[in-house]
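Undergrad: Need a 3D model of the following:
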Amino acid sequence: MEENNVVLLDFWPSSYGMRVKIALEEKRVSYECRQEDFQAKSSLLLEMNPVYKTIPVLVHNGKSICESLNIVEYIDEAWNHKPSLLPSDPYKRSIAKFWGDYIDKHVSYI
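TA: Have a look, this model is predicted:
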């Protein structure tokens with residue numbers, strides 16, 4: 001998978017965005033990080049995430065992927081020539097996804 005044109009729309013204190021940055025760094029994907037202003041959302045953010053209008057959004061070759069857990073899974077599959085972020089064992093993978101989802105639902109974030 002080509003790495004060209006990878007842009008992360010983010011807000012610096014967001015732990016959701018940090019999750020995506022960690023995945024990108026682990027996979028050694030080159031990307032541009034664009035900081036969003038919640039008071040004045042960019043036209044790019046509104047175009048790339050018209051449903052929720054929130055960050056993080058990964059834009060890869062003009063296509064948007066929204067929601068941090070979805071983005072991490074996309075990164076893992078799109079750059080699959082590098083070590084996997086999630087366990088290959090289906091049970092262990094489901095447990096990892098369970099805890100990621102649990103944290104999203106039960107831990108307060110910005």
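Undergrad: Going by C-alpha atoms from here, please, whenever you check contacts or count neighbours.
TA: Will do.
Undergrad: For this structure, which segments count as strands?
TA: In order along the chain, the chain carries the following strands (DSSP state E): 6-10, 32-35, 57-60, 63-66.
Undergrad: just checking, what packs against the third one?
TA: Same thing as strand 57-60. Other helices and strands packing on strand 57-60, by 3 or more Cα pairs under 8 Å, 6 or more residues apart in numbering; DSSP states H and E, are strand 6-10, helix 43-48, strand 63-66, helix 68-78.
Undergrad: Give me the contact list for that strand.
TA: Contact partners of strand 57-60, identified using Cα atoms under 8 Å, 6 or more residues apart in numbering, comprise 3-10, 45, 48-49, 64-68, 71.
Undergrad: ditto for the first one
TA: Residues outside strand 6-10 that contact it (Cα under 8 Å, 6+ apart): 17, 30-36, 45, 55-61.
Undergrad: Distance from the chain centre to stretch 38-51, please.
TA: How far stretch 38-51 lies from its chain's middle: 16 Å, per Cα atoms, centre = their mean, to the nearest Å.
Undergrad: Number of residues surrounding residue 88?
TA: 10 (other Cα atoms under 10 Å).
Undergrad: From residue 8, how far off is it?
TA: Spatial separation of residue 88 from residue 8 under the definition Cα to Cα, to the nearest Å is 26 Å.
Undergrad: and if you look at residue 16?
TA: Counting by Cα to Cα, the gap between residue 16 and residue 8 amounts to 12 Å.
Undergrad: Overlap in contacts, these two.
TA: Taking Cα under 8 Å, 6+ apart as the contact rule, residue 16 and residue 8 both touch residue 56.
Undergrad: Please say which of these two ends up with more neighbours.
TA: Under the criterion of other Cα under 10 Å, the comparison of residue 16 against residue 8 puts residue 8 first, with 24 against 19.
Undergrad: If that one is in a bridge, with which residues?
TA: On the basis of DSSP bridges, residue 8 takes part in beta bridges with residue 33, residue 58.
Undergrad: State the pLDDT value of it.
TA: Looking at residue 8, its pLDDT reads 98.
Undergrad: Quick check: pLDDT value at the closest residue to residue 17 other than its chain neighbours.
TA: For residue 17, the nearest residue in space outside its immediate sequence neighbours is residue 56; the separation is 5.2 Å by Cα to Cα, 6 or more residues apart in numbering. According to the model's per-residue confidence, residue 56 sits at a pLDDT of 97.
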